[in-house]
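Visitor: sequence-free structure coming up:
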């Protein structure tokens, strides 16, 4: 298996950017989930689980290490007042360096979002959902005909067999990863997105029916280093891991 695509999502739940190369550090891909929008009235971090419209804005890193957001009408901003007007609620764009409680929400039933929701605490450092996954990897075989943007993985692998990596240490480019678990899927996979991706609850039903509710694998970075499109996934012995292996 080799890296086919690399994606980073500078602002949690917004569209991200596809890159040819990146640096993996302790908190994942550099620039990934480095910012999030917080509702100033509820205190919760916003995701497209609660506010699906977030997926229609995009975020990108600036040359000086900041971030800028492009709204659906083409406005480019990082101003809280402009972002509040767009979301229809008082929000603040916060970086990982700003102290804040990382509370997020998820509906108990993906097809009944008017029902009960539960809250959970996100990871420290980058705004990942949990501390035990900092990099996510998915294969083209697992994606099939689904648009990869539904699953928001950092690394798309050409081939198949990422589930078999769970519990192992692998080399990816100049980095070493501990692949810790399969990634459970939620209502985010059903959300509409730009480019003709419609709301589709059958996606999550299929993930549960055919994949046990998971799709992609999550990893921690055991040794930081660079990665690039075309890099192979190598076993501890240095052998390239092939599709299905």
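Guide: Great, that's in hand. Every value quoted in this text rests on a predicted model; they were computed, and no experiment measured them.

Visitor: which SSE is the most centrally placed residue in the chain in?
Guide: The chain has residue 152 as the residue nearest its centroid, 4.1 Å off, counting by C-alpha atoms, centre = their mean. If you go by DSSP states H and E, residue 152 is not part of any helix or strand.

Visitor: quick check: longest helix of the protein.
Guide: When the chain is parsed with DSSP state H, its longest helix is helix 202-211.

Visitor: buried residues, that one. List them.
Guide: Using 16 or more other C-beta atoms under 10 Å as the test for burial, helix 202-211 gives 203, 204, 206, 207. The way it works is simple: take the backbone N, C-alpha and C, and place the C-beta from them, glycine included.

Visitor: got the contact list for it?
Guide: 110, 142, 146, 150, 185, 186, 187, 189, 190, 213, 214, 215 (C-beta atoms under 8 Å, 6 or more residues apart in numbering).

Visitor: follow-up on the earlier one: what's the closest non-adjacent residue to the residue nearest to the centre of the chain?
Guide: Excluding its sequence neighbours, the residue lying closest to residue 152 (C-beta to C-beta, 6 or more residues apart in numbering) is residue 9, at 6.2 Å.

Visitor: ok, now which ones touch that neighbour?
Guide: Residue 9 touches 15, 16, 32, 33, 59, 152, counting by C-beta under 8 Å, 6+ apart.

Visitor: relative to residue 167, how far out is it?
Guide: 26 Å (C-beta to C-beta, to the nearest Å).

Visitor: endpoints of stretch 45-57, how far apart?
Guide: Start to finish, the residues bounding stretch 45-57 are 16 Å apart (C-alpha to C-alpha, to the nearest Å).

Visitor: list of residues touching it?
Guide: 11-15, 36-39, 44, 69-72, 86-87, 91, 102-107, 117, 122, 127, 186-188, 191-194, 199.

Visitor: can you rerun that using 6 Å?
Guide: 13-14, 36-39, 69, 71-72, 104-106, 187-188, 191, 193-194 (C-beta atoms under 6 Å, 6 or more residues apart in numbering).

Visitor: kindly report the same for stretch 84-92.
Guide: Contacts for stretch 84-92 (C-beta under 6 Å, 6+ apart): 37, 38, 39, 40, 41, 71, 80, 83.

Visitor: list the contacts of the one helix or strand the first one maps to.
Guide: Element membership for residue 37, per DSSP H and E: strand 35-39. Defining contact as C-beta under 6 Å, 6+ apart, one finds that strand 35-39 is touched by 10-12, 45-46, 67, 89, 91-95, 127.

Visitor: mind redoing it with 7 Å?
Guide: Strand 35-39 has contacts (C-beta atoms under 7 Å, 6 or more residues apart in numbering) with 10-12, 45-46, 67, 83, 89, 91-95, 100, 127.

Visitor: quick one, what contacts residue 171?
Guide: So residue 171 contacts residue 234 (C-beta under 7 Å, 6+ apart).

Visitor: pull out the buried residues from the helix or strand containing residue 221.
Guide: Under the criterion of DSSP H and E, residue 221 resides in strand 214-223. Buried residues in strand 214-223, counted by 16+ other C-beta under 10 Å: 214, 215, 216, 217, 218, 219, 220, 221.
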